[in-house]
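Asker: The following block contains a protein sequence and its predicted model.
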Amino acid sequence: MPLRPLPEFIKPKAKADRALGKRTKNKVTVKKGAAFWHSTGRHTSRRLLRTVPRQITNVLQADLLWAMGFSGSGIKVAVFDTGLSENHPHFRNLKDRTNWTNEKTLNDGLGHGTFVAGVIASSKECQGFAPDADLHIFRVFTNNQVSYTSWFLDAFNYAILKKINVLNLSIGGPDFMDHPFVDKVWELTANKVIMVSAIGNDGPLYGTLNNPADQMDVIGVGGIDFEDKIARFSSRGMTTWELPGGYGRVKPDIVTYGSGVRGSGLKSGCRTLSGTSVASPVVAGAVTLLASAVIHRIPMVNPASMKQALMASARRLPGVNMFEQGHGKLDLLKAYQVLNSYKPQASLSPSYIDLTDCPYMWPYCTQPIYYGGMPTIVNVTILNGMGVTGRIVDKPIWQPYTPQNGDYIEVAFSYSNVLWPWSGYLAVSITAAKKAAQWDGIAQGQVTLTVSSPPEEGEKEERTSTVKLPVRVKVVPTPPRSKRVLWDQYHNLRYPPGYFPRDNLRMKNDPLDWNGDHPHTNFKDTYQHLRNAGYYVEILGAPLTCFDANQYGTLLIVDSEEEFFPEEISKLKRDIDNGLSVIVIADWYNVSVMKKVKFYDENTRQWWMPDTGGANVPALNDLMYPWNMAFSDQVYEGDFTLGDHDMYYASGSSIAKFPEDGIMITQTLKDQGNEVLKQESQTVDTVPILGLYQMTGEEAGRVALYGDSNCLDNSHLQKDCFWLLDALLQYTSHNHMPPVFEQQGSPFSIMNVELPERMEGNHLARYSKVLESSLAGQTRPLPACPHLSWAKGEPLNKSAPTNLYKHQKLLSIDLMEPPVPNVVRRQPGIQHIVSDGVGWDIQPGVPSHPHNSIQSMPVFALAGLTLVVVFFAVHIHKSRSKPKRRKPRLKRPTFINIVKPVV
């Protein structure tokens, strides 16, 4: 789907997601007149973002590198954007301008590309980081802000031909399955092009990372303001490629200033803008400057080594988790120190696993592990600075620390067979051992793995690098069944690849449901509420046949789009009969409404029809058929009161079938389906929306149905219903009927409500894990349940480090003792600093130190230091003895900067 620049003046249209600047299959469309630098206008507080404009290069101390003679010279940097005027006064080294659009112009008609290029390479007024870099402009967006994937592919090929070193993409979209685009990005980075990309302006929602910034081989950049706070607009992790079976990776990689930054205006002068489209060229400019500063070592500069340097030198922001800040804030000077003596090696992101480190390790740190629970999965990125391709030698080794109870946890691995390009993954699954069933404490160990890459030119042996991943977890006794909640993640589907519409039909300007539907993305607040209420939330990424129902009080099925295997249906019925309780929370489903929200794709010349509704109600009805329950195809919305709580029903289903002796709660709501289809408003009384039922049988569990998930979903949240979820869990897990249900609920007979049918000709089978893609309506064979092979531990009889973060940083690079520079004269009036070649390895090991360290400092230097202290003490004493004179107040110059309001 569409790739989008994230500039300041996009006006979203309902004409398809292309009109939102999200990448659909081959076309990008971004409409004129609104917040191009911000996401859609749903976060109105973004309009309050105002900051005093500051010279970004001074804030990040680029002037110190300029004073050393480094200014981007010799580095080719490409800007893929809206073009640039040939005679713009800010650029002195414009090498090439190319146009890949269907318009016959090379100039920028919007100002976005000019601003981005200015942040990177402006030489006047609002100075860029690398004014002497060779600037290559690729015009890939029209003045109507339209682009196609094919234009990007052609332009990418030309960038490879031109041997571009650094490439900035202030664009993005949710389509990480646009395979031609993703493959070409891999090809670019494999050719040593360092790609920097904005992670998106869809914050503060989690799971909203844009592609290609979410790729392992790309430097994904988030935004902060000048108070070092994460910008509200900056998208949050985790990556959603791995869902629903696995767990997402850490992104962004780093963050930097993206709010109130000054850059070049369209024709001349400066302007101030905000967004991750601003943060991205800040990093791209910094990377260009850094590359020029180590141009004598340019063979070792590659996408992995540059990312390693940025990560290792980044400053962690306090009180911010890793899915918001990645490794922290860009530190240009420390990154230079790392690169200046970098040795090719492998590293890990994150560099340690500490499930007690809150808030940085959120959400892992919010819930301890225990015996019998679903394994906690941490998806670690392997960066390989030794070569574009590599492999893990043998397999990772688990080494529990004996003094720190490492044998109380078990660890399993899955990992990339080949590391390409420059990267791979290591998924670490962690659970408590059986001996820890009643144990409470901290367990520690480490994972050790060796990465190898083919020898470079002139080398005879493979390059190898051994890395260690410290692990620390909190283990508690297994909680009681009533406190354990299992979240069904397996039956979630989203865009990409299929067209799954929004759960709230009012969200017309962003129709695709692409946030991942996960407790740690768009259901983040729901998850945190459950944890605060004392529940342990586990996530099931496998069919319902793959869990032991005796371990859980309640199974949560929320907003599912997937079909169910027949074996799942029969197994769940048995589980309920044996005491498991289930809460099913649905959303709208109506074939006529689905046809109404179709849109036309101008690239494929086809109509895009939803593959299901907000939820797959026909599939849920199949699941609930043995329970004599079902949802209808009627769509309702409206405000109502339940007990003392104000509620909003947003595009929800009603209950069409329910046992007569159950408890039903009804409300008066608007018929939204009728409004969508006929543009007529109609109010309906006694709409059944909430049902509770004690299943028959001596040990049988309980079932609760509710027709709308929007009150739990951060993507659409208007009035939360966390209290309702609490009440439902009191009923299902604790067999306690909350008074609000007793007061407003009653037996209710539902008369002749038609059940929804699946839409003919839908393409759900193309994306389903359950349906056969070639046989309409036929299910696949039930897959085997995941089986983890627990690693055999190799115990270490030594104490573990107490602070894994600082421990890892010290093992990586010694940032406390920067290299002592030698100052030599190369040009009159300019000092050039040459490093002594101090080792700033990222790899664990003993850090090297400058030869002229404090240990070898001459004695007379210490004496000189004493004289300086005495001099200042005397000076201060004299100044205090003089009468105080009133100093005249100096007037600061006033800068008038126009900040374009966000609309």
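Answerer: Received the coordinates, thanks. Numbers count the residues shown, from 1 in each chain.
Asker: which SS class is the nearest residue to residue 615 once chain neighbours are set aside?
Answerer: Distance criterion Cβ to Cβ, 6 or more residues apart in numbering; nearest residue to residue 615, sequence neighbours excluded, is residue 587 at 4.0 Å. Every C-beta, even on glycine, is put in place using the N, C-alpha and C of the backbone. Following DSSP: H, G, I helix; E, B strand; the rest coil, residue 587 is assigned to coil.
Asker: so how far is residue 145 from residue 587?
Answerer: As judged by Cβ to Cβ, to the nearest Å, residue 587 and residue 145 stand 32 Å apart.
Asker: And these two? Which one has more around it.
Answerer: Applying other Cβ atoms under 10 Å to residue 587 and residue 145 shows that residue 587 carries more neighbours, namely 33 against 25.
Asker: Was I right to think the more buried one contacts residue 711?
Answerer: No: at 11.0 Å, residue 587 and residue 711 do not qualify as touching, with contact defined as Cβ atoms under 8 Å.
Asker: residue nearest the centroid of this protein?
Answerer: With the centre of the chain defined as its mean C-alpha position, the nearest residue by Cα atoms, centre = their mean is residue 237, 1.8 Å away.
Asker: Quick check: which element contains it?
Answerer: Following DSSP states H and E, there is no helix or strand that holds residue 237.
Asker: Surely it and residue 248 touch.
Answerer: Yes: under the criterion of Cβ under 8 Å, residue 237 makes contact with residue 248 at 6.3 Å.
Asker: list residues touching both of the two?
Answerer: Contact criterion Cβ atoms under 8 Å, 6 or more residues apart in numbering; residues shared by residue 237 and residue 248: residue 207.
Asker: Convert stretch 387-407 to CSV, retaining C-alpha atoms only.
Answerer: Extracted C-alpha coordinates of stretch 387-407, given in CSV (Å, rounded to 0.1, in the frame of the first residue of the first chain):
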residue,chain,number,x,y,z
GLY,A,387,30.1,-8.5,6.3
VAL,A,388,26.9,-8.4,4.3
THR,A,389,26.4,-12.1,4.9
GLY,A,390,27.1,-14.3,7.9
ARG,A,391,25.9,-17.1,10.0
ILE,A,392,25.7,-18.3,13.6
VAL,A,393,28.4,-20.9,14.2
ASP,A,394,27.0,-24.1,15.7
LYS,A,395,24.2,-22.8,17.9
PRO,A,396,23.7,-20.3,20.7
ILE,A,397,24.7,-21.6,24.2
TRP,A,398,22.7,-21.0,27.4
GLN,A,399,24.9,-20.5,30.4
PRO,A,400,23.0,-20.2,33.7
TYR,A,401,24.8,-18.4,36.6
THR,A,402,24.9,-21.0,39.4
PRO,A,403,25.1,-18.4,42.3
GLN,A,404,22.2,-16.5,40.8
ASN,A,405,19.8,-19.4,40.4
GLY,A,406,20.2,-19.6,36.7
ASP,A,407,19.0,-23.2,36.7
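Asker: for it, the distance to its chain's centre please.
Answerer: Chain-centre distance of stretch 387-407: 26 Å, with Cα atoms, centre = their mean, to the nearest Å.
Asker: Stretch 65-75 spans what distance, first to last residue?
Answerer: End-to-end distance for stretch 65-75, by Cα to Cα, to the nearest Å: 15 Å.
Asker: Run the chain-centre distance for it.
Answerer: Mean-position distance between stretch 65-75 and its chain equals 33 Å (Cα atoms, centre = their mean).
Asker: Tell me the spacing between residue 279 and residue 780.
Answerer: For residue 279 relative to residue 780 (Cβ to Cβ), the value is 43 Å.
Asker: ditto for residue 87
Answerer: Separation of residue 87 from residue 780 (Cβ to Cβ): 61 Å.
Asker: next one: residue 72
Answerer: According to Cβ to Cβ, residue 72 stands 54 Å off from residue 780.
Asker: Give me the more crowded residue out of the two.
Answerer: In terms of neighbours (other Cβ under 10 Å), residue 72 is the more surrounded of residue 72 and residue 780; the figures are 31 against 15.
Asker: show me what contacts the more buried one?
Answerer: Neighbouring residues of residue 72 by Cβ under 8 Å, 6+ apart: 121, 129, 130, 131, 132, 133, 288, 289, 292.
Asker: again, only using 7 Å
Answerer: With contact set as Cβ atoms under 7 Å, 6 or more residues apart in numbering, residue 72 has these partners: 121, 130, 131, 132, 133, 288, 289, 292.
Asker: could you redo those as a markdown table and give each row secondary structure?
Answerer: Converted to a markdown table, those look like this (three-state DSSP):
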| residue | secondary structure |
| --- | --- |
| 121 | helix |
| 130 | coil |
| 131 | coil |
| 132 | coil |
| 133 | coil |
| 288 | helix |
| 289 | helix |
| 292 | helix |
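Asker: Run through the helices of the stretch 601-750 of the chain in chain order.
Answerer: 617-624, 672-678, 722-734, 739-744 (DSSP state H, counting those that start in this stretch).
Asker: who does the third one touch, helix- and strand-wise?
Answerer: Okay, so that is helix 722-734. Contact partners of helix 722-734 among helices and strands, from 3 or more Cβ pairs under 7 Å, 6 or more residues apart in numbering; DSSP states H and E: helix 524-532, strand 554-558, strand 581-585, strand 702-706.
Asker: quick check: domain ranges of the chain?
Answerer: 12-20+40-341, 343-478+786-820, 491-540+543-767, 853-898 (automatic domain parsing).
Asker: So which of those domains has the densest surroundings on average?
Answerer: Ranked by mean neighbour count under mean count of other Cβ atoms under 10 Å, the domains of the chain are led by domain 12-20+40-341, which reaches a mean of 23.
Asker: So, low pLDDT: which residues of the chain?
Answerer: Under the criterion pLDDT under 70, the flagged ranges of the chain are 1-54, 602-604, 776, 807-903.
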